[in-house]
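Undergrad: okay, sequence plus prediction incoming.
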Amino acid sequence: MALAQTPTIKSIQNAASNLPVGLPNSGVAQGSIVAIYGTNLGPSTLVVASGAWTSTLAGTSAAVTIGGQTVNLLIYYTSAGQVGAWLPDNTPTGTGTVKVTYTGGSVTAPVTVIQNGIGIFTWNQNGAGEAILSYNSDYSLVTTTKAANAGDVLDLWATGLGPVSGSEPTSGDMPSIPLKVWVGGVAANVLYRGRSGYIGEDQIAFTVPSGVTGCQVPVVLQINNYVSNTTTMPISASGRVCTPTNSALSSTTLQQLVGKSQVSVGGVSLTRGTSVTAGIAGLPSTTTKSDTGSASFTKISVSGDQLLGFVGTTSIGACTVAVYTSETFSALTGYTYTSLDAGASIAVSGPNGSRTLAKNTSGGSIVYSATLGNGTPGNYLDAGSYTVTGPGGADVGSFSASVNIPTALVWTNQSSITTVNRASGVTVTWTGGDSASLVEVVGASYSIDASENVALGVFTCYAPVAAQTFTVPPPVLLALPASSTVSGFTIPGSLSLYNSTAPVLFSASGLDYGFLSTSVTSSITPTYQ
């Protein structure tokens, strides 16, 4: 008879958000459904409770001990790699251990239990992407072909709202919990927050605010300084079909692209960049300027709404947050790429002469790139008209496209931002730029523990250039970890402004979508507090 293998625990996370340990919102809440990840935690084949949840299922049991008090979890499902369970409402808060036992073997791991730590359930079950939402009137699901409108009352499904004072699974409305629902950065009116009638599952009823549209509008929950995972939802200005919009592509073209399982995309970018890096360990700060050009041509295996990440909508005035750990850095996208050959090199011509983007082939990837100048005025990428020409290659035919570079955007309060208080937000201001385009505000911060495990948070926000200012709000920044201090030195994060011209489309055989764009980027390395 084979001996049972010793179980291991990798992490315990909110079953809806799946936010990794190391982020400020990674604790698990009293009364929530949790997911325990590891090995040999249960049977090789998934077993789901068929009736009431009990403390043991198919040989798997789990318990949390904090401050000398032990509470048994109720098991929802169990398998070798993952156990789903309900953390009882009376579980003490604080730092302790979780213990999982399976067929005689057991393992313990650290756990932090908090009072309120809400996560939103998503369709892909990993806490990112589109939230599971339904219409309050008939419980039909919100989808891109049955999109929400302003004024609709929706139900959002979550876990981690907080403990119930009575008995599960009922709670009634819990207005004493200061829950906020942010839709596209706008506060929505909350009509109900409490249990859904199922153990550990929360139902949030809210009214869709006006003035927010898009097929990927960010949706975030906040309780005090705790923010949920960032999810999305489709909101249509009129009708129930959410049609992707893009400044360069018609809605018809976008719908044709979204319907494909493989899309061949070619992009050429001309960029003027300035990067200011803060000094660390007594070293002085440095400023780097450069004018660069790059191009790539790629066949992407992707289906349905995933393509919106390449050519789809952005919710102007709102922000999204993505989180990663050491284990997910190597798989950030989930798409399959194949490089395409567009010729021996690509030519660039403009007011300051001609340049060549050289072909670089490495590991099966083909990239065209070059340093065009040192980023100072009069060197290369000044305002004016530029033409890019490709001779054609084995996979992509010849093409030519021209674009006008406007007066460069200037980040006017860049030097005054050395620290970012996550609970207060951060405001950036600018002048210049393409008045018909957008400013993209991007920031990142990461934490690193004694075992060199890294947790990274990245936010992306969009604002009209004409606004000349944008404030990244606290609910966005609070999802990022504070800057870590290692060996007495604080490791800064990053904050960047990007202004890109509307992409100019070009056609070439072998491509579904080709574009030429220019951008101005400015980056600094502030400390996130």
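TA: That came through, no problem. Quantities reported herein were computed from a predicted structural model and do not represent experimental measurements.
Undergrad: which residues are contacting stretch 43-58?
TA: Contact with stretch 43-58 is made by 42, 59-61, 72-80, 85-86, 199, as judged by Cβ atoms under 8 Å, 6 or more residues apart in numbering. Yep, even glycine has a C-beta here, placed from its N, CA and C like the rest.
Undergrad: filter those down to the buried ones.
TA: Buried by 16 or more other Cβ atoms under 10 Å: 42, 60-61, 72-80, 85-86, 199, out of the contacts of stretch 43-58.
Undergrad: which one of those residues is nearest to residue 211?
TA: Closest to residue 211 out of the buried ones among the contacts of stretch 43-58 is residue 199 (37.2 Å), distances taken as Cβ to Cβ.
Undergrad: so that closest one sits in a helix?
TA: No - with DSSP: H, G, I helix; E, B strand; the rest coil as the criterion, residue 199 is coil rather than part of a helix.
Undergrad: next one: it from residue 181, what distance?
TA: 23 Å (Cβ to Cβ, to the nearest Å).
Undergrad: likewise for residue 274?
TA: Going from residue 274 to residue 181 by Cβ to Cβ gives 38 Å.
Undergrad: between the two, which is the more surrounded one?
TA: residue 181 (25 against 20; other Cβ atoms under 10 Å).
Undergrad: quick one on the thing from earlier: looking at the contacts of stretch 43-58, which are in strands?
TA: In strands, defined here by DSSP state E, the members of the contacts of stretch 43-58 are 60-61, 72, 74-78, 85-86.
Undergrad: state the pair within those that is farthest apart.
TA: Within the ones in strands among the contacts of stretch 43-58 (distances taken as Cβ to Cβ), the two that end up farthest apart are 72 and 77, at 16.2 Å.
Undergrad: the residue nearest the centre of the chain bridge partners, please.
TA: Nearest residue to the geometric centre of the chain (Cα atoms, centre = their mean): residue 322, 2.3 Å. Taking DSSP bridges as the rule, residue 322 bridges to residue 458.
Undergrad: how close does it get to residue 132?
TA: Distance, residue 322 to residue 132, using Cβ to Cβ: 19 Å.
Undergrad: tell me the pLDDT at the closest residue to residue 58 other than its chain neighbours?
TA: Leaving aside its chain neighbours, residue 58 sits nearest to residue 47 (4.2 Å; criterion: Cβ to Cβ, 6 or more residues apart in numbering). On pLDDT, residue 47 comes in at 96.
Undergrad: distance-wise, check residue 147 relative to residue 318.
TA: Taking Cβ to Cβ, one finds residue 147 at 16 Å from residue 318.
Undergrad: and if you look at residue 88?
TA: 36 Å.
Undergrad: next one: residue 401
TA: 31 Å.
Undergrad: for the stretch 251-400 of the chain, give me the ranges with low pLDDT.
TA: Residue ranges of the stretch 251-400 of the chain with pLDDT under 70: 251-260, 278-284, 302-314, 326-335.
Undergrad: and if we set it to 50?
TA: Scanning the stretch 251-400 of the chain for pLDDT under 50 picks out 304, 309-312, 329-334.
Undergrad: what of the chain?
TA: The chain contains residues with pLDDT under 50 at 1-2, 304, 309-312, 329-334.
Undergrad: now do the helices in it.
TA: In the chain, the helices defined using DSSP state H lie at 251-258, 308-311, 474-477.
Undergrad: wait, which of the buried ones among the contacts of stretch 43-58 is closest to residue 20?
TA: Within the buried ones among the contacts of stretch 43-58, the smallest distance to residue 20 is 18.4 Å, found for residue 85 (Cβ to Cβ).
Undergrad: give the contact list for the closest residue to the closest one other than its chain neighbours.
TA: The shortest distance from residue 85 to any non-neighbouring residue, by Cβ to Cβ, 6+ apart, is to residue 73 (3.9 Å). Remark: with contacts taken as Cβ under 8 Å, 6+ apart, residue 73 is in contact with 34, 55, 61-64, 85-88.
Undergrad: gap between residue 73 and residue 159?
TA: 14 Å.
Undergrad: can you check residue 286 too?
TA: From residue 286 to residue 159 the distance is 46 Å (Cβ to Cβ).
Undergrad: around the closest residue to residue 79 other than its chain neighbours, count how many other residues there are.
TA: Distances taken as Cβ to Cβ, 6+ apart put residue 46 closest to residue 79, at 4.4 Å, once the chain neighbours are dropped. By other Cβ under 10 Å, the residues close to residue 46 number 14.
Undergrad: for residue 45, same thing?
TA: When neighbours are counted by other Cβ under 10 Å, residue 45 registers 9.
Undergrad: phi and psi next, for it.
TA: According to degrees, to the nearest 10, the main-chain angles of residue 45 amount to phi -110, psi 130.
Undergrad: ok, and the most crowded of the contacts of residue 73?
TA: residue 85 (31 neighbours).
Undergrad: so who does that one touch?
TA: For residue 85, the contact set (Cβ under 8 Å, 6+ apart) comprises 33-34, 36, 53, 62, 73-76.
Undergrad: need the ones in strands among the contacts of stretch 43-58 in CSV (columns: distance to residue 411).
TA: Listed next are the ones in strands among the contacts of stretch 43-58 as CSV, based on distance: Cβ to Cβ, whole Å:
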residue, distance to residue 411
60, 54
61, 56
72, 55
74, 53
75, 53
76, 49
77, 50
78, 52
85, 48
86, 48
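Undergrad: between those residues, which is nearest residue 447?
TA: Ranked by distance to residue 447 (Cβ to Cβ), these are led by residue 85 at 26.6 Å.
Undergrad: distance of that closest one from residue 61?
TA: 9 Å.
Undergrad: common neighbours of the two, please.
TA: Shared contacts of residue 85 and residue 61 (Cβ under 8 Å, 6+ apart): 73, 75.
Undergrad: what's around the residue nearest to residue 412 when sequence neighbours are not counted, how many residues?
TA: Computed as Cβ to Cβ, 6+ apart, the closest residue to residue 412 that is not its neighbour in sequence is residue 429, at 4.9 Å. A count of neighbours around residue 429, defined by other Cβ under 10 Å, yields 16.
Undergrad: for residue 429, give me its contacts.
TA: Going by Cβ under 8 Å, 6+ apart, residue 429 touches 411-413, 468-469.
Undergrad: quick check: bridge partners of it?
TA: Under DSSP bridges, the beta-bridge partners of residue 429 are residue 469.
Undergrad: if I look at it, how far off is residue 495?
TA: Taken as Cβ to Cβ, the span from residue 429 to residue 495 is 13 Å.
Undergrad: ok, now residue 50?
TA: Noted for residue 50: a distance of 51 Å to residue 495, by Cβ to Cβ.
Undergrad: who has more neighbours out of the two?
TA: Counted by other Cβ under 10 Å, residue 50 and residue 495 do not tie: residue 495 has more neighbours, with 24 against 6.
Undergrad: am I right that the more buried one is in contact with residue 524?
TA: Yes - counting by Cβ atoms under 8 Å, residue 524 is a contact partner of residue 495 at 5.4 Å.
Undergrad: and for residue 32, the neighbour number?
TA: Around residue 32 there are 32 other residues, counting by other Cβ under 10 Å.
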